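[1] Kindly return the folded structure for what I paste below:
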Amino acid sequence: MKKIAVLMCTYNGEKYLSEQIDSIQNQKGVSVFIYVRDDGSKDKTIDILEEYQQKGILKWFKGKKAGPAIGFMELLYQIAGNEYDYFAFSDQDDIWLETKLLSAIDKIEKYTDEKYILYGANQTLLKGGIPTSNVYNKMPTLNTPYLLDHNKIAGCTIVINKELAILITESSHIDTIILKSRMHDLWLVLVANTCGKIVFDMNPTMLYRIHEHNVVGEADTSLKTRIRRLRNDSGERSNSRSQYAKELLRCFGKHIKSDERQILELYANYRYSIRKKREFLHATEIIKKTGENTVAFRIKILLNYI
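    Now for the predicted structure:
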């Protein structure tokens, strides 16, 4: 039986936390242990975590109100060297279907020729306690130029294999300044896509709860933001793409696939010479993959806004 560490960040999550933990504990065909980092909860979240910890179901840590992105990465850095085969990420307020983790493992283990693998999956929206529509009706776009600005894989569906976890934690760690502007799941997805493989499951594996107060940390908790993060991305269009490219090259340079390296080098270096900028302006196929208007994207290159 495969051993899976589930990583969770909490913040004032008392209302739905027990239901989330129970659904993780009820996973079939796998051995699960939960690690939780609390971001300074002021409700009964800590009492709930203590109760489950006394039962031997989880271990929780007190954080420093750094937000979920940094919190999840700190947990991964802390746990990845342990004896687990896989690492999964969980929100504090959803419901996992009982075969969620087993489905992930089955999909991952089909790719025996890939060393670093990240699994993501579709979700069914849960509104007012009633399952409604799925987030995706067709396979999301999963190429690096697109992913640099549109994360299509929700962190709460992500499962990574041990090799990817070790790669991420034993390489240079991502600059926390970047994690303050974008979520951890985007970083995981980009590392997997440039160094290994992403496996996406169109079958929903969890119920993604929609409500007014369902976020860890002290970020924007509005319903509009929640749905936008599910269906598309953060909505940001800034020069964070070039920053991410630089960080990927710095942290994982020797592990990045050659074709992905060429893409990242365009994003990372286009500002520093006319030749590099001209090369980026003429990279038509890469620009098309961003999903943006090609003229508008080229203007952004000229303005150093990528």
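
[2] helix, strand or coil for R241?
    Following DSSP: H, G, I helix; E, B strand; the rest coil, R241 is assigned to helix.

[3] quick one: pLDDT of it?
    Per-residue pLDDT puts R241 at 94.

[4] again with I130
    Model confidence at I130 (pLDDT) stands at 93.

[5] before we move on, what about W96?
    At W96, pLDDT is 98.

[6] Quick check: phi and psi on it?
    Here is the backbone geometry of W96 (degrees, to the nearest 10): phi -90, psi 140.

[7] Just confirm it contacts Q25, I think it does.
    No: judged on Cβ atoms under 8 Å, W96 makes no contact with Q25 at a distance of 9.6 Å. For glycine as for every other residue, the C-beta is placed from the backbone atoms N, C-alpha and C.

[8] Contact partners for the residue nearest to the spatial centre of the chain?
    Central residue of the chain (Cα atoms, centre = their mean): D185, 1.6 Å from the mean position. Applying Cβ atoms under 8 Å, 6 or more residues apart in numbering, we find D185 in contact with 89, 151, 153-155, 158.

[9] what do you get if the cut-off is 6 Å, keeping everything else the same?
    Contacts for D185 were tallied using Cβ atoms under 6 Å, 6 or more residues apart in numbering; they are G155.

[10] do the same with C251
    Contacts of C251 (Cβ under 6 Å, 6+ apart): 171-172.

[11] Tell me the spacing between it and A245.
    Computed as Cβ to Cβ, to the nearest Å, the C251 to A245 distance reads 11 Å.

[12] same question, R261
    For R261, the distance to A245 - Cβ to Cβ - is 10 Å.

[13] what mean pLDDT does stretch 203-213 have?
    pLDDT averaged over stretch 203-213 gives 89.

[14] picking up where we left off before, comparing W96 and Q25, which shows the higher neighbour count?
    More neighbours surround W96 than the other of W96 and Q25, with 25 against 16 (other Cβ atoms under 10 Å).

[15] Next one: the nearest residue to the more buried one once chain neighbours are set aside, what pLDDT does it get?
    Once flanking residues are discounted, W96 sits nearest to S23: 4.2 Å by Cβ to Cβ, 6 or more residues apart in numbering. What the model reports as pLDDT for S23 is 98.

[16] So for R261 and A245, which sits in the more crowded spot?
    A245 (24 against 19).

[17] For the closest residue in space to G253 that isn't next to it in sequence, pull up the helix or strand it's in.
    Excluding the flanking residues, the one nearest G253 by Cβ to Cβ, 6+ apart is R261, at 7.7 Å. Assessed by DSSP states H and E, R261 sits inside helix 258-269.

[18] buried residues in that helix?
    For helix 258-269, the buried set under the neighbour-count rule, 16 or more other Cβ atoms under 10 Å, comprises 260-261, 263-269.
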